[in-house]
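> model this:
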Amino acid sequence: MKQHQGTHTMERTYPCGVCSKTFKQLRYLKVHQSVHIGDRPYRCDVCNKTFRKLEHLNIHKRVHTGERPYSCDVCNITFSNKSSLKVHYRVHTGDRPYLCDVCNKTFTFLGHLKVHKRLHTGERPYRCDVCNITFSNKSNLNVHLRVHTGYRPYSCDVCNNTFRKLEHLNLHQRVHTGEHPYLCDVCNKTFSNKSNLKVHLCLHSGERPYSCDVCSKTFKLPGHVNLHQRVHTGERRKRPYRCDVCDKTFSDRSKLNVHQHIHTGKRPYRCDVCNKTFSEKSNLNAHQRVHTGERPYRCEVCNKTFSNTNNLKVHKRVHTGERPYCCDVCNKRFSGRSNLKVHQNVHTGERAYSCDVCSKTFKLLGHLRAHQRIHTGVRPYPCSV
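From the prediction side, this is the model:
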């Protein structure tokens with residue numbers, strides 16, 4: 001009776017001798033004291049996990065039985081315990097009861113607030129025991145470990161490509177569905193993911209928000225800054241990913257994966273206009289500008305525009321006079337690698353381009369195309385007089 005009356009009076013007469021926390025009933029105090037002594041008397045007979053409270057064991061057993069007795073009356077999702085259902089309701093109500101006292105950002109879950117606070121404190125308590133990189137939460141560490149183990153649990157049901165993260169799979173599947181939900185409000189170009197749209201917008205704004213803290217060079221993407229900084233740290237020489245076919249090495253795994261398409265012949269990216277296929281997404285994007293006529297890269301000296309950055313880079317050498325490619329036979333220099341390759345045919349005598357009508361061969365593709373007009377009768381240049 002006395003214990004029951006404490007419910008109404010809010011009297012808490014049983015203090016913990018370790019942390020001074022008080023309890024209304026002696027049995028609650030005894031359960032609490034197991035926190036300090038480490039006592040976990042309740043054991044799961046399936047996986048041997050132990051618990052301080054019997055009710056925690058009973059809830060845990062539903063992991064093995066699959067029982068989910070608590071159902072959301074809005075969306076019918078089911079849960080194994082009542083507290084999870086209560087937290088889930090916040091998805092529908094919009095309730096975000098946990099407030100960051102530094103930046104006032106709010107969160108649906110207490111755990112999310114705790115992880116967020118590490119942005120302010122800089123705390124990164126989870127460390128990879130392979131490469132010593134640290135993380136602010138355990139889930140990011142678990143995903144990172146797949147870099148070392150090679151574990152890629154998410155598989156595309158169309159092309160069987162595998163991914164370390166579910167969100168990477170979801171993005172990839174848009175290659176097959178053609179979904180482009182992100183729209184540029186300047187030129188109406190659409191993108192399959194938000195990060196590509198963000199990068200594209202820099203074309204219009206000219207913004208390069210990421211800066212190298214050593215030489216102040218600016219970049220559109222944080223990943224480009226990271227790669228660039230290897231120039232200063234000497235890490236550029238580290239190329240830990242090796243192709244098991246030709247032994248070529250790469251600084252990151254994604255470049256190795258793209259390179260391996262050379263050996264497998266895999267060309268997973270297809271143009272939806274002419275069906276031409278490509279081994280890299282960037283090559284497909286550049287190719288599609290043939291159809292759209294888009295030339296987003298502009299020379300700041302003469303305002304000439306180009307469909308890809310490499311062509312702009314080569315063009316700039318017209319203004320700078322740079323000719324970095326040298327013929328090892330006659331030492332003649334060229335501004336572009338392709339120009340050097342064509343020139344070397346002078347020394348080798350190679351005539352790589354053949355007419356499929358009369359089999360005449362040519363050193364240059366342009367010469368072949370001009371020759372083919374003899375057979376087709378095309379006369380594209382009219383007299384202006």
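> Let me see the contact set for Arg152.
Contacts for Arg152 (CB atoms under 8 Å, 6 or more residues apart in numbering) come out as 146, 162-164. Any C-beta I mention is one placed from the backbone N, CA and C, and that applies to glycine too.
> now Lys363
Contact analysis of Lys363 by CB under 8 Å, 6+ apart lists 342, 345-346, 350-353.
> run the last query once more with 7 Å
Residues near Lys363 by CB atoms under 7 Å, 6 or more residues apart in numbering: 342, 345, 351.
> which SSE is Tyr151 in?
Per DSSP states H and E, Tyr151 falls between elements, in no helix or strand.
> Now it. Nearest residue, chain neighbours left out?
Spatially, and ignoring its direct neighbours in sequence, Tyr151 is nearest to Arg164 (7.2 Å; CB to CB, 6 or more residues apart in numbering).
> next one: Arg351
Excluding the flanking residues, the one nearest Arg351 by CB to CB, 6+ apart is Thr361, at 3.7 Å.
> Wait, a strand at Asn285?
No - according to DSSP: H, G, I helix; E, B strand; the rest coil, Asn285 belongs to no strand; its state is helix.
> So for the helix or strand hosting His367, what gets flagged as buried?
Per DSSP H and E, His367 falls inside helix 365-376. Neighbour-count burial for helix 365-376, counted by 16 or more other CB atoms under 10 Å, picks out 368, 371-372.
> What is the nearest of these to Val46?
The shortest gap between Val46 and any of those belongs to Leu368, at 72.8 Å (CB to CB).
> Was I right to think the closest one contacts Tyr353?
Yes - using CB atoms under 7 Å, Leu368 is in contact with Tyr353, at 4.1 Å.
> so what sits against both of these two?
Contacts common to Leu368 and Tyr353, judged by CB under 7 Å, 6+ apart, are Phe362.
> And the strands in the stretch 151-300 of the chain?
154-155, 162-163, 182-183, 190-191, 210-211, 218-219, 241-242, 249-250, 269-270, 277-278, 297-298 (DSSP state E, counting those that start in this stretch).
> In CSV: these, plus mean neighbour count and distance to Cys326.
Putting the strands of the stretch 151-300 of the chain into CSV (neighbours: other CB atoms under 10 Å; distance: least, CB to CB, whole Å) gives the following:
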stretch, mean neighbour count, distance to Cys326
strand 154-155, 14, 47
strand 162-163, 16, 43
strand 182-183, 14, 44
strand 190-191, 16, 40
strand 210-211, 14, 34
strand 218-219, 15, 30
strand 241-242, 14, 29
strand 249-250, 15, 25
strand 269-270, 16, 34
strand 277-278, 16, 30
strand 297-298, 16, 26
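> To Arg118, which of those strands lies closest?
Judged by CB to CB, the one of these that comes nearest to Arg118 is strand 210-211, at 22.3 Å.
> what's in contact with the closest one?
Here strand 210-211 has contacts from 218-219, 221-222, 224-225, using CB under 7 Å, 6+ apart.
> again with stretch 243-250
239, 241-242, 256, 259-260, 263.
> Quick one, which of those residues has the minimum pLDDT?
Among the contacts of stretch 243-250, Arg239 has the lowest pLDDT, at 72.
> Look up how far His261 lies from it.
Distance, Arg239 to His261, using CB to CB, to the nearest Å: 18 Å.
> Can you tell me the closest non-neighbouring residue to the residue nearest in space to the middle of the chain?
Most central in the chain under CA atoms, centre = their mean is His168, positioned 6.5 Å from the mean C-alpha point. Nearest non-adjacent residue to His168, counting by CB to CB, 6+ apart: Tyr154, 7.1 Å away.
> tell me the contacts of the one you found?
Counting by CB under 7 Å, 6+ apart, Tyr154 touches 162-163, 165-166, 169.
> Can you list the neighbours in contact with stretch 29-49?
The contact list for stretch 29-49 (CB under 7 Å, 6+ apart) reads 14, 16, 18, 21, 23, 50-54, 57, 60-61, 64.
> make it 8 Å
In contact with stretch 29-49 (CB under 8 Å, 6+ apart) are residues 14-16, 18-19, 21, 23, 50-54, 56-57, 60-61, 64.
> Name the spans of the protein whose pLDDT lies under the cut-off.
Scanning the chain with the threshold set as pLDDT under 70 gives 1-12, 234-238.
> need the helices for the stretch 201-350 of the chain, in chain order.
In the stretch 201-350 of the chain, helices defined by DSSP state H, counting those that start in this stretch lie at 222-233, 253-259, 261-264, 281-292, 309-320, 337-348, listed in chain order.
> Which of those helices sits closest to Tyr182?
Closest to Tyr182 of the helices of the stretch 201-350 of the chain, according to CB to CB: helix 281-292, at 14.5 Å.
> The closest one - contacts with which helices or strands?
strand 269-270 (3 or more CB pairs under 8 Å, 6 or more residues apart in numbering; DSSP states H and E).
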